[in-house]
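> Have a look; sequence and predicted model below, questions after that.
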Amino acid sequence: MNTKKELLFLRTFAVSISLAIGVVTTLAFKSKKNTQFDTIDVKKINIVEDDGTVKMLITNAANFPSEGDRVNGRVYHKRTKRAGMLFYTEDGKECGGFVYDGKKTKKGHSSGLSLTFDQYGGDQVMQLITTDTKVGDKRYKAGRLVFNDRGDYETQENVMHINKELKEIKDRKKRKEKYEEYRKKGLLGGVPRVALGQTPGKQNGLFLYDDNGKTRAKFIIDSNNKIKLEAYDEVGNVVSTWPEEK
């Protein structure tokens, strides 16, 4: 009998302690006071509004939202996992982010950083990007600020479904025709229009593109420190240059 009473007492005591810890923990996290830490080791942080909407997400590569993951009710498609931050609108749509990576490879290394800002509901319209790739004795470095055009009716959800549809079309010609159909409707596709920076070929300058993403003009200093201003037609032929070649 005494043993049963002791077990009952221990169980009651354990439950009471658990409830007390839960209450204290809850009150601590609801406190409006600032809490200071010297060091925090964490794999993922969600910055949320009072209604639970995620406004910013900070994560390691393993927890980066990808296929099947859900944030603010949106289910993500498959994409490369990278450490960084993602930004969200008041209604929970992803609107940009900062990601980075870098690793040794068998023949050298590969690294990059990217800060992007998205069109509302769609994909990136402005990107600050730098890449650094080494293959054997050759190293390719580039960094630029790029402004893109996106379809007026493009949404991240529609693009996910359209890409899945296009992937299932095995005939390359038919797939391209279908892509163009969606692009003309403004449902898909993004092309660069303005870029400022350095290309892997060490051309430093301003690059202008038409609405098909074709280079139409550039004002650069090339790898030989020569200044060039060139204009191109729709198929890439030089139609004007400065200074004129003698």
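Looks like it came in fine.
> quick one: average pLDDT of stretch 42-59?
On average, the pLDDT along stretch 42-59 is 95.
> now the residue nearest the centre of the chain, what's its secondary structure?
Note on the chain: the residue nearest the mean C-alpha position is residue 97, at 5.3 Å, using C-alpha atoms, centre = their mean. Following DSSP: H, G, I helix; E, B strand; the rest coil, we place residue 97 in the strand state.
> Verify the contact between it and residue 124 for me.
No - shown here, residue 97 and residue 124 do not form a contact pair, counting by C-beta atoms under 8 Å, at 9.1 Å. To be clear about C-beta, it is placed using only N, CA and C from the backbone, and glycine gets the same treatment.
> follow-up on the earlier one: contacts only, for the residue nearest to the centre of the chain.
84-87, 115-116 (C-beta atoms under 8 Å, 6 or more residues apart in numbering).
> Nearest spatial neighbour of it, chain-adjacent residues omitted?
In this structure, residue 97 finds its nearest non-sequential neighbour in residue 86, 4.1 Å apart by C-beta to C-beta, 6 or more residues apart in numbering.
> Can you tell me what sits against the helix or strand that contains that neighbour?
Per DSSP states H and E, residue 86 falls inside strand 83-88. Strand 83-88 has contacts (C-beta under 8 Å, 6+ apart) with 53-61, 64-65, 71-72, 94-101.
> Try it again at 7 Å.
54-61, 72, 94-100 (C-beta atoms under 7 Å, 6 or more residues apart in numbering).
> go on, stretch 209-228?
Counting by C-beta under 7 Å, 6+ apart, 149, 191-193, 202-208, 229-232, 234, 236, 241 sit against stretch 209-228.
> on that earlier part again, which two in the contacts of strand 83-88 are spaced the farthest apart?
Pairwise distances across these peak at 23.4 Å for 72 and 100 (criterion: C-beta to C-beta).
> follow-up on the earlier one: need the residues touching each of residue 97 and residue 124.
Counting by C-beta under 7 Å, 6+ apart, the residues touching both residue 97 and residue 124 are residue 116.
> quick check, nearest of the contacts of residue 97 to residue 141?
Among the contacts of residue 97, and counting by C-beta to C-beta, the member closest to residue 141 is residue 115, at 17.4 Å.
> Quick check: closest non-adjacent residue to the closest one.
residue 128 (4.4 Å).
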